[in-house]
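Engineer: What shape does this take:
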Amino acid sequence: MVRADKPVLLPRVSILAFCETEPVMEAINAAFAHPAMARVRPTVMPARAVDVGGFGKNLTANGLPGALIVEVGEQADQREILQQLTKFAAYCDQDTVVLVIGHDNDIALYRALLNEGVADYLVAPVTSDQILQSLASRLAQKDAAEKASKVIAVVGARGGAGTTTIASNLAWMLAQEREENCCLVDLDLPFGGLASALDCRPDPELSALLYTPELISDPETLSRMLIHKTGNLSVLCATPSLEAAGRRRNDAGTAHLIKLLRSEFSCTVLDVPLQWNATVENILVKANHVVLVTTPDFSGLPPAQTLLHYLGQMRDGTLIVLNQARPQDSDNWKTEDVRAALNAPKTYKIAMDKAFPDSVAQGRTLCEIAPSHAGMQELRRLVAQLFGEPEEKADGWSWPFSQLFRRLTQKGA
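Structural biologist: Numbers count the residues shown, from 1 in each chain. Model prediction:
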């Protein structure tokens, strides 16, 4: 229950509400004014004034909602209500929490709505507290489920920043040193570099499903598509196909794919392509953590500023990796100047080193062949941050001693 004296902040999501009557609209607006809704981005409008088709195009372009509230008409029967909800279904994904407010206290209708995936049905007249408590409980359950399995999105501020290198080394570290069941996913399907960087050969027929991920129907199908690098690390990538990529028009299946990955892996590392669309935005907003990779120079910092400013309006703390730093290069900014420009008190700096291209040429991660490398120590501090641990611990951990230390401390606990 949400108490007025001790508000618990709801997750940072967008919530859309469509109202048929003034009293319900007033109750919804009052709920959104509660301190617990401080991080929520609400939109409230009369249902009769909405062109669902035109609104849906705008909605798809600007990201899918985390929750949807729909008031149905006072005279609407069960068939009409389900038809009305169907109009909105195309603009939500399976993770959208749907709350329906109706005027008929009918248990058969309530059960029918639950069978259709509606999270809750409230009977008008409703109060702001009822709406708030229903949203809080459902979104809290959703938030807890998402946090149980970590999704880490690694995105570059510019081409050539080394996003794939950071993503692959991060995934290897999570799988081998943290002993997490981890999947590394290349979302840049026709041009991604994970296959060559890790010497992977995806099956052309199976991997083609990544171009239509909504057709990956179950965990068994997903399992057949995986390339198993180690006992704890799997890789998911596709055979390049510009034809398949060109035919693709609907990216709604990406959310379905990530939901499957959450159910199968304790950690998922996404190598996110350098492009901007609704799919990429949804990935970066909904991921547990975002790692932004940029270079500390004039080509990397302006786009990093743009991304950080935009993401800062939608989510908390993006972690920043300053990659390919060249101490003797006059084009590089000083670390303190970079942090000031990005308004980031903490960054993770990795120097340009011949060891990185050498490891890629071997089809292996640097973390695998040189775990004590200075760049890997910096990534360990980043991993400590991801797990909410003191970063100082990471300084003294070297593989495989870190595994032994964790086993001993776990047994002691």
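
Engineer: And for the spatially most central residue of the chain, nearest residue in space, chain neighbours not counted?
Structural biologist: Closest residue to the average C-alpha location of the chain: Ala287 at 2.1 Å, with CA atoms, centre = their mean. Leaving out its chain neighbours, the residue that sits closest to Ala287 by CB to CB, 6 or more residues apart in numbering is Ala153, at 3.9 Å. Where C-beta positions appear, they are placed from N, C-alpha and C, glycine not excepted.

Engineer: For the one you found, give its distance to Thr165.
Structural biologist: Separation of Ala153 from Thr165 (CB to CB, to the nearest Å) stands at 16 Å.

Engineer: Repeat that for Arg158.
Structural biologist: In terms of CB to CB, Arg158 sits 14 Å off from Thr165.

Engineer: on that earlier part again, and the residue nearest to the centre of the chain, its phi and psi?
Structural biologist: Phi and psi for Ala287, reported as degrees, to the nearest 10, are phi -60, psi 150.

Engineer: Now the strand or helix carrying the residue nearest to Ala287: average pLDDT?
Structural biologist: In the assignment (DSSP states H and E), Ala153 maps to strand 150-156. On average, the pLDDT along strand 150-156 is 95.

Engineer: what about that strand, distance to the chain center?
Structural biologist: Centroid separation for strand 150-156 versus its chain: 7 Å, with CA atoms, centre = their mean, to the nearest Å.

Engineer: and that strand, what does it pack onto?
Structural biologist: helix 163-172, helix 253-264, strand 267-272, helix 278-286, strand 289-294 (3 or more CB pairs under 8 Å, 6 or more residues apart in numbering; DSSP states H and E).

Engineer: The same query, at a cut-off of 7 Å, please.
Structural biologist: In terms of contacts (3 or more CB pairs under 7 Å, 6 or more residues apart in numbering; DSSP states H and E), strand 150-156 is packed against helix 163-172, strand 267-272, helix 278-286, strand 289-294.

Engineer: Give me the below-cutoff pLDDT ranges for this protein.
Structural biologist: 1-8, 48-64, 90-91, 93-94, 141-147, 249-252, 327-331, 391-413 (pLDDT under 70).

Engineer: which stretches of it form strands?
Structural biologist: Assigned by DSSP state E, the strands in the chain fall at 14-19, 41-46, 67-71, 97-102, 120-123, 150-156, 182-186, 227-228, 233-236, 267-272, 289-294, 319-325, 348-351.

Engineer: Nearest to Arg248, out of the ones you listed?
Structural biologist: Closest of the strands of the chain to Arg248 is strand 182-186, at 15.3 Å (criterion: CB to CB).

Engineer: who's in contact with the closest one?
Structural biologist: The contact list for strand 182-186 (CB atoms under 7 Å, 6 or more residues apart in numbering) reads 167-168, 171, 174-175, 192, 194, 232-237, 261, 265, 267-271.

Engineer: can we see that at 6 Å?
Structural biologist: Outside strand 182-186, the residues within contact range by CB atoms under 6 Å, 6 or more residues apart in numbering are 171, 174-175, 192, 194, 232-237, 261, 265, 267-271.

Engineer: can you check stretch 11-24 too?
Structural biologist: By CB under 6 Å, 6+ apart, stretch 11-24 touches 25, 28, 39-44, 46-47, 65-71, 73, 101, 124-125, 139, 143, 315.

Engineer: Between Arg158 and Thr165, which is the more surrounded one?
Structural biologist: Set Arg158 next to Thr165 and count neighbours by other CB atoms under 10 Å: Thr165 wins out with 24 against 18.

Engineer: Once you drop chain neighbours, what's closest to the more buried one?
Structural biologist: Spatial nearest neighbour of Thr165, chain neighbours left out: Phe356 (5.9 Å); criterion: CB to CB, 6+ apart.

Engineer: I'd like to know how far the one you found sits from Gly162.
Structural biologist: For Phe356, the distance to Gly162 - CB to CB - is 7 Å.

Engineer: swap in Thr221?
Structural biologist: Distance from Thr221 to Gly162, by CB to CB: 32 Å.

Engineer: Where do the helices of the stretch 101-250 of the chain begin and end?
Structural biologist: Taking DSSP state H, counting those that start in this stretch to define them, one finds helices in the stretch 101-250 of the chain at 107-115, 128-148, 163-172, 194-197, 204-207, 219-225, 242-247.

Engineer: Many thanks, I have nothing further to ask.
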